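Asker: Provide a 3D model corresponding to the input given below.
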Amino acid sequence: MMVSKPVLMQRRGSETRLVIPGTDPISQPVDSTLVTSVARAHVWAEEILSGSVAAMTDIAIREKVSDSYVKKVMPLAFLAPDIVTAILAGRQPAHLTNQMMIRHMQMPLNWQEQRRVFGFPVANVG
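Answerer: As a prediction, this is how the structure comes out:
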């Protein structure tokens with residue numbers, strides 16, 4: 001007996017995953033690159049907010065990265081807490097990679113809108 005199901009092939013960085021539409025996401029290996037970027041963003045934002053670093057340029061010089069990289073990573077400090085938790089547990093949507101996140105230049109600050117844009121369930125507010 002053969003069973004067939006529709007599947008999608010989605011790229012995640014350098015790997016390709018088979019995704020079965022309509023199924024609950026299975027915990028996948030944690031995307032360490034994305035986790036590192038989220039962690040960096042939180043540390044860098046705290047440094048700026050506390051005044052221990054004057055500007056993003058200072059962070060770029062210290063970390064030996066470009067100013068534009070720091071500016072692209074920094075918005076990750078403002079992700080909804082449930083999105084961060086999902087990323088840390090490897091439960092983010094398959095398409096949500098580090099590259100996708102840092103290329104999304106106009107990340108909404110509204111958490112509901114973030115959930116919608118990045119493919120997370122949108123909570124009903126009532």
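
Asker: Next, the buried residues of the top helix by length along the chain.
Answerer: When the chain is parsed with DSSP state H, its longest helix is helix 32-50. By neighbour count on 16 or more other CB atoms under 10 Å, the buried set for helix 32-50 is L34, V35, S37, V38, R40, A41, H42, W44, A45, E47, I48. Any C-beta I mention is one placed from the backbone N, CA and C, and that applies to glycine too.

Asker: for stretch 111-126, same thing?
Answerer: W111, Q114, R115, F118, F120.

Asker: Show the contacting residues for the residue most central in space within the chain.
Answerer: Nearest to the mean C-alpha position of the chain, by CA atoms, centre = their mean, lies M101 at 5.0 Å. M101 makes contact with L34, S37, L76, M107, F118, according to CB atoms under 8 Å, 6 or more residues apart in numbering.

Asker: In three-state terms, label it for me.
Answerer: Following DSSP: H, G, I helix; E, B strand; the rest coil, the label given to M101 is helix.

Asker: All the helices of this protein, residue numbers only.
Answerer: 32-50, 56-63, 67-73, 81-89, 98-103, 111-118.

Asker: Could you list the buried residues of the fifth one?
Answerer: Okay, so that is helix 98-103. Across helix 98-103, burial judged by 16+ other CB under 10 Å covers N98, M101, I102.
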